[in-house]
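Engineer: Structure of the sequence below:
(2 chains)
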2 protein chains.
Amino acid sequence: MTTAANGVNVQALLDAREALKGSPEAAQFVWRATTKWRNGVHSTTTVKEYFGLGQEQSHKTETVFDADHPEVFAAEDNGITPIEYLLVGLASCLTAGVASVAQNRGIQLRSVEATLEGAHDIRGILGADSDVRNGFNGIKVTFTIDADASKQEIEALVAQSQKRSAVFDALTNPTDVTVEVA
Amino acid sequence: MTTAANGVNVQALLDAREALKGSPEAAQFVWRATTKWRNGVHSTTTVKEYFGLGQEQSHKTETVFDADHPEVFAAEDNGITPIEYLLVGLASCLTAGVASVAQNRGIQLRSVEATLEGAHDIRGILGADSDVRNGFNGIKVTFTIDADASKQEIEALVAQSQKRSAVFDALTNPTDVTVEVA
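Structural biologist: Sure, this is the predicted structure:
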């Protein structure tokens, strides 16, 4: 195995894997977000604290995300739409996976770019046709990767990234979501 | 029905619903995102253009989102984690829905806040236990809403928002995701 300089500390991840095999309670993370309604369909969501490795943790900085609907939906477009955030999550998860797997396999990456398209029939959310689902009809992800590897090795990187992707799993398989009023 | 000033143009949405019943092709939207790998598991995702109402459309501004892993994963924490973006999308979608349904029902909102917790056993993504899924074990959303309405009416708002939420559907039901190398 050659040493690739992709900037991923694979040894730390392999060590964490071994450590967490013996202490599953430390592997229980809770990611958090808090959203405030602003006006119309505009909201801001704050992400900073989370729980993991048995204790409260914090990102280095607090990040605030605006979401809104675009002007074609008679809204003010103060931010991207909620459903577009799913594409941001999916793209960044698969890209992180490609970098991690490449590092583990000793493949030097030069550039990785992903283009996502989420097809969405908005008759669902508008209640115009009860046979149309509310979410995406489908998502297509296309990677363009320049690396010291064959086309086949690059395809294998992407396949392994998918296999270990948190967001790919969350979108392609059902997640239990409970919604309550305090 | 009283007139509530929540800032949602419900009449435009009801008109769009009627218009799109007769022209399903205009209801076919494509949301897009483009991601570039930076270093390690850090990436930036850009969202601006989309397709809808039969033509290319654009958000007023381009938005760029950083994603990374936190320092406890031996990364640099240059942005929130990919899976946290799913919470941002879910929270903002359900909140927009609450505002829209309230407007349609003539309920004046004073404040809406949502707190999300996504439980995540990271042994899945680390490959430490093949019985553990990669994504969330479950997500809990808690709304705190101050409005000119009874507890029962507020619960009904939240229930209707869930029923019409694009992101709630995308997370609770399987979405078809295709990943290719160009």
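Engineer: Which of the three states applies to the residue nearest in space to the middle of chain A?
Structural biologist: Chain A has residue A:89 as the residue nearest its centroid, 2.4 Å off, counting by CA atoms, centre = their mean. Using DSSP: H, G, I helix; E, B strand; the rest coil, the structure places residue A:89 in helix.
Engineer: if I look at it, how far off is chain B?
Structural biologist: Distance, residue A:89 to chain B, by CB to the nearest CB, to the nearest Å: 3 Å. Backbone N, C-alpha and C define where each C-beta goes, glycine included.
Engineer: Repeat that for residue A:149.
Structural biologist: 11 Å.
Engineer: any idea where the strands of chain A begin and end?
Structural biologist: A:28-39, A:42-52, A:55-67, A:109-121, A:138-147, A:177-181 (DSSP state E).
Engineer: Contacts for the fifth one, please.
Structural biologist: This points to strand A:138-147. Strand A:138-147 is contacted by residues A:87, A:90-91, A:94, A:98, A:102, A:107-119, A:153-154, A:157-158, A:171, B:175-182 when judged by CB atoms under 8 Å, 6 or more residues apart in numbering or on different chains.
Engineer: got the CA positions of that strand in CSV?
Structural biologist: The C-alpha coordinates for strand A:138-147 follow below in CSV (Å, rounded to 0.1, in the frame of the first residue of the first chain):
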residue,chain,number,x,y,z
GLY,A,138,-35.4,10.0,-7.4
ILE,A,139,-31.9,11.4,-7.0
LYS,A,140,-29.0,11.0,-9.4
VAL,A,141,-25.4,11.6,-8.2
THR,A,142,-22.6,11.8,-10.8
PHE,A,143,-19.0,11.8,-9.7
THR,A,144,-16.1,13.2,-11.7
ILE,A,145,-12.9,12.0,-10.1
ASP,A,146,-9.3,12.6,-11.0
ALA,A,147,-7.0,10.2,-9.1
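Engineer: How far does it sit from its chain's centre?
Structural biologist: Mean C-alpha position of strand A:138-147 versus that of the full chain (CA atoms, centre = their mean, to the nearest Å) differs by 14 Å.
Engineer: Flag every buried residue along it.
Structural biologist: Judged by neighbour count using 16 or more other CB atoms under 10 Å in any protein chain shown, the buried positions of strand A:138-147 are A:139, A:141, A:143, A:145, A:147.
Engineer: before we move on, back to that, quick check on the contacts of strand A:138-147: which are buried?
Structural biologist: Buried among these by 16+ other CB under 10 Å: A:87, A:90-91, A:94, A:98, A:102, A:107, A:109, A:112-118, A:154, A:157-158, A:171, B:175, B:177, B:179, B:181.
Engineer: ok, back up a step: the residue nearest to the centre of chain A: what's it in contact with?
Structural biologist: Contacts of residue A:89 (CB under 8 Å, 6+ apart): A:167, B:67, B:82-86, B:89.
Engineer: if you set the cut-off to 7 Å instead, what comes out?
Structural biologist: A:167, B:82-83, B:85-86 (CB atoms under 7 Å, 6 or more residues apart in numbering or on different chains).
Engineer: Now do stretch A:16-25, average pLDDT.
Structural biologist: The average pLDDT for stretch A:16-25 rounds to 92.
Engineer: List the neighbours of that stretch that are in contact with it.
Structural biologist: With contact meaning CB under 7 Å, 6+ apart, stretch A:16-25 is reached by A:26-27, A:54, B:123, B:126-128.
Engineer: tell me which residues of the lowest-mean-pLDDT helix or strand in chain A are tucked away?
Structural biologist: Within chain A, confidence by mean pLDDT, DSSP states H and E is lowest for helix A:10-22 among all helices and strands, at a mean of 91. Buried residues in helix A:10-22, counted by 16+ other CB under 10 Å: A:10, A:13, A:16-17, A:20.
Engineer: before we move on, the earlier item: would CSV of the strands of chain A with distance to residue A:74 and mean pLDDT be doable?
Structural biologist: Shown next, in CSV, are the strands of chain A (distance: least, CB to CB, whole Å; pLDDT from 0 to 100):
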stretch, distance to residue A:74, mean pLDDT
strand A:28-39, 13, 98
strand A:42-52, 13, 98
strand A:55-67, 16, 98
strand A:109-121, 17, 98
strand A:138-147, 26, 98
strand A:177-181, 26, 98
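Engineer: between the ones you listed, which gets nearest to residue B:75?
Structural biologist: strand A:55-67 (11.0 Å; CB to CB).
Engineer: Cool, thanks, signing off.
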